[in-house]
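Engineer: Sequence below, structure please.
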Amino acid sequence: MNTNLNISLASQYKSKSQAIRIMTEYWVTNEIFCPNCGDIIYKYVNNKPVGDFYCQNCLEDFELKSKKELLGKKIVNGSYKTMIERLRSNDNPNFFFLVYTLPYYQIKHFMVIPKHFFIPKLIEKRPPLSKIAKRAGWIGCNILLQNIPESGKIYYIKNGQVENKKSILKNWHKTLFLRDAHNIELKGWTLDIMRCIDILGKKEFTLKEIYLFEQILAKKYPYNKHIKDKIRQQLQFLRDKNYIEFISPGVYRLL
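Structural biologist: Model (predicted):
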């Protein structure tokens, strides 16, 4: 996999943002395979509402976001209203995130976040544009990357190093069970427990360690008076979906 953008493509563009768009879209079209089936992906015609790329084989859609130098904790996205409507209709695309470095336009990170990781509370509403702005009153949004579980960040390239294709496909399929979760609040619980496991930062963990997040979860779900019960329920669910495994009473391992 080539980890450099083709700078020659940008020579005819005065706008830096336009030049980056052309270079990154060309790179994705020529270097990236579908993380669901491994087939090649194609670029949509401009202004296609469902995304920037698609797979003819399995019909997955992808939207591309690019940033310079650092990925950061949040990514600026488009219309807040449109994004929330997409999530509620399940018509949202998967997201490609690309980070490039200057001066040589090298790819530092490239990852995909599957659409089943996106729920409304991961979308931050930005203040409306001022009255003197061209689109006065328009409200955009940010994607809160820091709140997405690590298993939802599937890297093709990480710190300039290309990941194995087999591993990418495996990591994608590991969390497809989330697509069956149609209840937004229940999916939110699952994602929160997955994040709690991430924060612990180890393969093996105990129920007692997850209980340490009880107060944080209670603030997120103030109407739930049985937080520990919910934690156990979600761990059971993740075990049933082969995301974690039960080792011994109160001890689990991340698969």
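Engineer: contacts, neighbours, all on C-alpha from now
Structural biologist: Will do.
Engineer: any idea how far V162 lies from I168?
Structural biologist: Using C-alpha to C-alpha, to the nearest Å, V162 is found at 10 Å from I168.
Engineer: meant to ask about I32
Structural biologist: 11 Å.
Engineer: who's more crowded, those two?
Structural biologist: I168 (21 against 17; other C-alpha atoms under 10 Å).
Engineer: Quick check: the more buried one is in a helix.
Structural biologist: Yes - the assignment for I168 is a helix, going by DSSP: H, G, I helix; E, B strand; the rest coil.
Engineer: rewinding a little: which neighbours do V162 and I168 share?
Structural biologist: Residues touching both V162 and I168 (C-alpha atoms under 8 Å, 6 or more residues apart in numbering) are Y156.
Engineer: Go ahead and report the secondary structure state at Q234.
Structural biologist: On the three-state scheme (three-state DSSP), Q234 is labelled helix.
Engineer: isn't it right next to G188, touching?
Structural biologist: No - applying C-alpha atoms under 8 Å, one finds Q234 not in contact with G188, separated by 10.6 Å.
Engineer: residues in contact with K203?
Structural biologist: R253, L254, L255.
Engineer: can you list contacts of stretch 88-107?
Structural biologist: Here stretch 88-107 makes contact (C-alpha under 8 Å, 6+ apart) with 3-5, 7, 24, 50-51, 60-71, 83, 86, 108-115, 157, 160.
Engineer: Ignore what I typed, I meant stretch 164-181.
Structural biologist: With C-alpha under 8 Å, 6+ apart, stretch 164-181 has contacts from 35-38, 114, 116-117, 151-152, 154-156, 187, 241, 243.
Engineer: What is the nearest of those to I210?
Structural biologist: Taking C-alpha to C-alpha as the measure, I210 lies nearest Y243 of the contacts of stretch 164-181, at 15.5 Å.
Engineer: Skipping its backbone neighbours, what lies nearest that closest one in space?
Structural biologist: In space, and not counting its chain neighbours, Y243 is closest to L255: 5.6 Å by C-alpha to C-alpha, 6 or more residues apart in numbering.
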